[in-house]
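Student: pasting the sequence and the predicted coordinates here, then a few questions.
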Amino acid sequence: QVQLVESGGGLVQAGGSLRLSCAASGRTFSTYAMAWFRQAPGKEREFVSGISWSGGSTFYTDSVKGRFTISRDIAKNTVDLQMNSLKPEDTAVYYCAGRPAAYAGTSLPEAYTSWGQGTQVTVSS
């Protein structure tokens, strides 16, 4: 099992940028597909972006395409989410998640076995 800890959330004005980072512990991190989800108050947890265990394939939900970029550093056991041109509707708690598989385009939360504690992102208008 991989343990995950997110960091980098905060308050930013619309149009600004934030970079979220997820630090993973465990020697099996390189065999995990990783993803970022988010959950706004009163809404279901939503898939934001995913990256395959090699980093060669990435996936994004339509609302963040062209604004967010996911990346991973296998040597450092980290997965980052660079968020640009932020909008108020991006406000949510962001979670890092992992699953012991190659494919990272799975958008169902129940498919992921490891979760971080979440980090708050607030975008003011």
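Tutor: Here it is on my side, so go on.

Student: dihedrals phi and psi, the residue nearest the centre of the chain?
Tutor: The residue lying closest to the centre of the chain (Cα atoms, centre = their mean) is Trp36, at 2.1 Å. The phi/psi pair for Trp36 (degrees, to the nearest 10) reads phi -120, psi 130.

Student: which residues does it contact?
Tutor: 20, 22, 48-50, 70, 79, 81, 94-97 (Cβ atoms under 8 Å, 6 or more residues apart in numbering). The way it works is simple: take the backbone N, C-alpha and C, and place the C-beta from them, glycine included.

Student: how many residues are close by Val5?
Tutor: By the measure other Cβ atoms under 10 Å, the count of residues near Val5 is 13.

Student: can you tell me the closest non-neighbouring residue to it?
Tutor: Nearest non-adjacent residue to Val5, counting by Cβ to Cβ, 6 or more residues apart in numbering: Ala23, 5.0 Å away.

Student: can you pull out the strands in the chain?
Tutor: For the chain, the strands defined by DSSP state E occupy 3-7, 10-13, 18-25, 33-39, 46-51, 58-60, 68-73, 78-83, 92-99, 114-115, 119-124.

Student: and the second one, what does it pack onto?
Tutor: The helices and strands touching strand 10-13, judged by 3 or more Cβ pairs under 8 Å, 6 or more residues apart in numbering; DSSP states H and E, are strand 119-124.

Student: do the first one as well
Tutor: Applying 3+ Cβ pairs under 8 Å, 6+ apart, one finds that strand 3-7 contacts strand 18-25, strand 92-99, strand 114-115.

Student: what lines up beside it in the sheet?
Tutor: Looking at strand 3-7 with DSSP bridges, its partner strands are strand 18-25 (antiparallel).
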